Structures are given as C-alpha cells and as structure tokens.
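*Asks:* Any chance you can model this:
(2 chains)
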Amino acid sequence: MTAVHLSEVSAGYRGRTVVSGVTLDVPTGAWLAIIGPNGAGKSTLLKAIAGLVPQATDVRVDDRPTRTLDPRERARLIGYAPQNPVMPDGLSVTDYVLLGRTPHLGLLAREGPRDLAIVHSVLDRLDLAELADRPLRTLSGGERQRTVLARVLAQQAGVLLLDEPTTGLDIGHAQSLLELVDRLRAEDGTTVISTLHDLTFAAQYCDRLVLLNAGTVVASGKPAEVLTPELLTEHYGATVEVLPTREGNLVVAPTRARPEH
Amino acid sequence: MLAVTIAALVAVVVGSTLLGAADLGVGRIIAEVWAQVTGGVSPLSETEAAILWQIRLPRVLLAGLVGAALAGSGAAFQGVFRNPLADPYLLGAAAGAGLGATIVVVAFPDAGAWAVNPIPIAAFLGALGGVALTWALGSSAGGGGTAILLLAGVAVASFLAAIQAFVQQLNTDTIKQVYTWMLGGLSTSGWREVLLTLPYIALAVVVLCLAARLLDVLSVGDEEASSLGLRPARVRMIVLLAASLATAAAVSVSGLIGFVGIVVPHVVRMLAGVSYRIVLPLSLLGGATFLVIADYVARTAFAPAEVPLGVITAFTGAPFFVLVLRRSREKLR
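*Replies:* Here you go, the predicted model:
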C-alpha cells in the first residue's frame, strides 16, 4: 500500500515559488504522468514529492506526511531518478546499483550478502547482469537509463519518481524502457509518478495525467480527458490532432497547414 | 590488493629501519631486537642503540603516519569536492600552518632549542585556524555548497599566505629557518612528534574508513544523495573535519609536503578502481609506504646532508605518476 496524496503543495527555490496549490491523489499501483510545457514546474513538482525541495509542503505517502520523516525513512518509501543523473565515470554497474541500498543500511554500515543478492536480482530483471562489472562510462544511453532505474529499484521503495526517464533515448529504446517500468509496476504493485515530454507515450502508458502550466494544475484526469486539441493548443501553443490507433490508444500528432509555395 | 599493500608497507617499514645513513649492520640490528625481546646481550653500542630506537624508528613511523594522513585526506577531499585536483591543503591548512610557523620563528628565533619545540604546535593551530576560517566564510556566504567552500579556501589561503609573506619580509634574518620548515622534512622528529600526531591521525583513519561508503554516495551529487537518505552537508562536514585534523597534525611535524595527497589517491584509482571503499584504505596504506620510501631517500641519498622531503616526493613521484598514467591510458584504448 503506497498511495501518494498531495494537498495544496507549493514548492520552489530560494523564496521563488515555482509550483503552487497542487492537489492530487495517486492510488497504489497507478502510473501518473506530469505533463506540461517547458518551465511549467514538472521537475520541481517531482522533487517536491521526493522531498528534495525545501519549501515542499503537505505530501503524504500512505497517510504519512513525508515532511516529518527523517531522510532515510523517506528514502525507503520513495525512490527518485533525476532527468540527468550524475554517473561517476569509473564506478562499476554493480557498485552504482548498490548505492540504492543506502537507506536500508546503518549510517556507517557496509552492504551485506543480502544487499548484494537484491542488487543481483534487480540486475537480472533489467537484463543488466552481463554488464554488472562494466564501468559506467562504457554504457550506451539505453543501458545508462536502465542502470539508473536499477539503482532506484534496489531502493525497494513503494513509490518511483522518474524525471523524464526516456531522455536521450530513441523511440525503440524509449518504448522498451517504458514497457519495463510498466511490467515492474504490475509485478510489484509500485506506484509510479513520472514527468514525460512525449504526450503519446504519456497517453499510452499512464492511467492518469496532470497537465501543469505556470506552476498550477490546469487539467487532470484520464489521458483522453487531458489530451484534447483545445487544452494542448491553449497551454502548449501547439496545433495538434489527437488520433486513435487501431489498438484504441491515443496518438498526439502535430499538424501543419500545407505550405502554399 | 589490500593484502599486497599491507605487505608492502610492512616490508618498507622494516627495510628502512634496518638501513640508514649510519650503517648499523642489518644482522646486528636483528640481534639487537632479539636481545630486547629475550633480555640478552646486544651487539650495538649505546650510541648505536639510541640512533636505532630514538632517531630512526620514530622517524620511519612518523613518515608512515604523515604519508597516510596526507594521502587519505587527499582522497577524502577529492571525494567531498568531486574534484580530482583537490588536495588536503585546499581549505587553507597549508597557508595557516605556514603563518603559524612563521610567527613563532620570527617571535622566538631560538625556539628550536626549547625543551618543547613550539613550531609544530603553532603550525597545527594555524592549520586548524585556516580551515575554520574557510568554513566560516563558506557557510556564511552560501549554505555549505562545495563550490563556495572551494572558493573560500582559495581566498583564505592567499590571504594567509600574504600575511605570512609580509611577516617574513619584515624579518628577513629568519627566512632560511622558515623556508627549511616549508620545504618539508622529518629530520627533527622523535617519539614526541609520533605521540603528538598519532591520536589525530588515528581518529581520522577510523572516521574516513567508516565514511568511505558515504563518499561513494556523495559522488552522485547532493540531490541524488539526499534522495538516497543522506544529509550531504553533514557528511561533508564530518569527513572534512576528520581529514583536516589529520592534515593539520601531519603538517605540524613535517612542514609542507606536496604531491602525496594528490598523486597517491590517483595512482590507487588507476590501479584498483574508483569506489572509495577501496580508494580510501589503499590511499592510507599507499601514502604511508610512499613517504617511508621517500624519507629513506631523503636521509640517505646525500648523507650526511638531508634532501628536503617535499623535493623527494615530487622528484620521485612525478615520473612514477606519468608512468602509471600512460599505462592506464593504454589499457583504456
């Protein structure tokens, strides 16, 4: 049971409020996407949920206000993968993924065989076992994203916060990463909250969307309710059509009047 | 790897105790040690025994302590600042120690002959003062971030170095004494210096080894480290405090020995990987081994004259470093 509840959350940096008055509910095992134009405050909202922005206010995970938790306790509940993770060059994949065990260890303790076993099983699940001893700098883009995901999974938190998990991936690698997240979510009952740039992916993988503009929620609901040409034109300044695919999914396609020349 | 390094350190300590400028004879030293253990008759004269027990042995041990302190602190500083060029003198420890030593030398030109030499104590306090000043400046300017702390260190170091140069310039008759101290060396060391530095360096060794894993966590940046349940500012403070204590203790008895703090951790990284769980213990051991060898060269190469230890470390360390650098680049290709 790891439902996430935000009520009237405001967050920002150094007295500048970036996100305000956000109220939303994410039930256990759901996947919520935070969408919105550049600079809308998507990443800030995600960091506020992770407890990484000082002004973050009332966020509850399983009815426990995260503000009152100490950092290690919070890290056992919430895993966070940033958009541009820092990946120390020479560290091996295994050592990097082991960092995810930090909140489960005593402050000065070392990882034990149990931690190593958890890391190995995570690497197996994400098809990274063969890369276990490779230094991080030798990984491709897709392998790097999976490795970051592995570190967050090793945290064994009930809530995964993923900031643009498909950054830098081509369409095939992006798809397989999202499929992977969806499979993990189904198997573990993990609650996923992610920001997503690609609206078609958001429509196809997430049960609920929240559209953010200028730091406030302007629309939320099922993909079909949020991804309407009218809302997208209003908040993105885009001209799009929202089309159904043969499988009944939605595709957000940019459109253009034929040039006259 | 760890076992090999420990064996190397033991071998080097034993070797450099057996050999020295005064040729006591390896067999006779072993016989002396045997005599001490069993209560038998030693082949050494009283003077020779004093050279061995009161001069050579404490000096070898002190070289090991100083080398461990500098290399371990260097590795820790590089971890905290996520900067390969960080060294233990970065936060004003060297400049502060230099100023402290200079003030004592200038104020009491005959201090070297006192029953308790005040120069190490002044250097120790100066080093801690320099770091404290940097810390105060850094946290008042910007909440404990590493970049601000680094810049504060640069400002404090040049400020203190300027005062030191000014004081020295007003008292040019003591320049030689100050200069000799700054070049670094262990020529005046005895058991008192070993006992003076041991508690600080031992404390730092324990803290740094325990915190090695936390340095790995810090290497992914403050934000991600926080998301893993760490308080980055607090970890930084504890690690820097321990490393600075060790550095101050080392500087106080050895002057300014460059190079060890940067090169030893990097050699370790190239040979054994970048996880601080390996880098820290190996740097401590490697630094100790390196400085024991360097000090052996310093006291024997031009005996009875001494070569400044800082000169030896750079002179022998730099080519070795280039060698390792080339080898590890070939390996990457």
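*Asks:* Please count neighbours and contacts with C-alpha atoms only from this point.
*Replies:* OK.
*Asks:* sec struct for the residue nearest to B:Ala8 when sequence neighbours are not counted, please.
*Replies:* Leaving out its chain neighbours, the residue that sits closest to B:Ala8 by C-alpha to C-alpha, 6 or more residues apart in numbering or on different chains is B:Thr289, at 7.1 Å. With DSSP: H, G, I helix; E, B strand; the rest coil as the basis, B:Thr289 sits in helix.
*Asks:* who's in contact with B:Thr289?
*Replies:* B:8-9, B:12-13, B:64, B:67 (C-alpha atoms under 8 Å, 6 or more residues apart in numbering or on different chains).
*Asks:* gap between it and B:Val60?
*Replies:* 10 Å (C-alpha to C-alpha, to the nearest Å).
*Asks:* hang on, the earlier thing: mind listing which of the contacts of B:Thr289 are in helices?
*Replies:* The helices, defined by DSSP state H, take in B:8-9, B:12-13, B:64, B:67 from the contacts of B:Thr289.
*Asks:* any idea which of the residues you listed has the most stuff around it?
*Replies:* B:Gly67 (30 neighbours; other C-alpha atoms under 10 Å in any protein chain shown).
*Asks:* hang on, isn't that one packed against B:Ile293?
*Replies:* No: assessed by C-alpha atoms under 8 Å, B:Gly67 is found out of contact with B:Ile293, at 10.2 Å.
*Asks:* Now list whatever residues contact both of B:Thr289 and B:Val60.
*Replies:* B:Val13.
*Asks:* Low-confidence ranges, the stretch 1-150 of chain A, go.
*Replies:* For the stretch 1-150 of chain A, the stretches with pLDDT under 70 are A:1, A:55-57.
*Asks:* can you rerun that using 90?
*Replies:* Where the stretch 1-150 of chain A drops to pLDDT under 90, the residues are A:1-22, A:39, A:51-71, A:84, A:86, A:88-91, A:105-112, A:125-127, A:137, A:141-142.
*Asks:* residues from the stretch 1-150 of chain A in reach of chain B?
*Replies:* By C-alpha under 8 Å from any C-alpha of the partner chain, the residues of the stretch 1-150 of chain A that approach chain B are A:50-52, A:70-76, A:78-82, A:85-88, A:90-91, A:95, A:99-100, A:102-103, A:108-110.
*Asks:* So which of these belong to helices?
*Replies:* A:50, A:71-76, A:95.
*Asks:* Tell me the buried residues within the residues you listed.
*Replies:* A:50, A:71-72, A:74-76, A:95 (16 or more other C-alpha atoms under 10 Å in any protein chain shown).
*Asks:* so where do the strands sit in the chain?
*Replies:* I'll assume chain A. A:4-13, A:16-26, A:31-35, A:59-61, A:64-65, A:78-81, A:159-163, A:191-195, A:208-213, A:216-221, A:240-244, A:250-254 (DSSP state E).
*Asks:* of those, which approaches B:Ala49 most closely?
*Replies:* Closest of the strands of chain A to B:Ala49 is strand A:78-81, at 63.6 Å (criterion: C-alpha to C-alpha).
*Asks:* Indicate the residue of the stretch 201-333 of chain B located nearest to chain A.
*Replies:* B:Gly229 (3.9 Å; C-alpha to the nearest C-alpha).
*Asks:* tell me which element that residue falls in.
*Replies:* B:Gly229 is part of no helix or strand, with elements assigned from DSSP states H and E.
*Asks:* do you know how far it is from B:Leu210?
*Replies:* B:Gly229 is 17 Å from B:Leu210, by C-alpha to C-alpha.
*Asks:* Looking at the two, which has the bigger crowd around it?
*Replies:* Using other C-alpha under 10 Å as the criterion, B:Gly229 and B:Leu210 rank with B:Gly229 on top: 24 against 18.
*Asks:* re the thing from before, now the phi/psi pair for the residue of the stretch 201-333 of chain B closest to chain A, please.
*Replies:* Torsion angles at B:Gly229 (phi, psi; degrees, to the nearest 10) stand at phi 90, psi 10.
*Asks:* Pull the contacting residues for A:Arg258.
*Replies:* A:Arg258 is in contact with no residue at all, counting by C-alpha under 8 Å, 6+ apart.
*Asks:* since we're on residue 41, how many residues are nearby?
*Replies:* Let's take chain A. Residues near A:Gly41, counting by other C-alpha under 10 Å, number 24.
*Asks:* let's do chain B instead
*Replies:* 11.
*Asks:* Chain A versus that one, what's the distance?
*Replies:* For B:Val41, the distance to chain A equals 49 Å [C-alpha to the nearest C-alpha, to the nearest Å].
*Asks:* Identify the residue nearest the residue in the stretch 51-200 of chain B that chain A sits nearest to in space, chain neighbours excluded?
*Replies:* Chain A sits closest to B:Arg82 of the stretch 51-200 of chain B, with a gap of 9.4 Å, by C-alpha to the nearest C-alpha. Distance criterion C-alpha to C-alpha, 6+ apart; nearest residue to B:Arg82, sequence neighbours excluded, is B:Ser219 at 6.5 Å.
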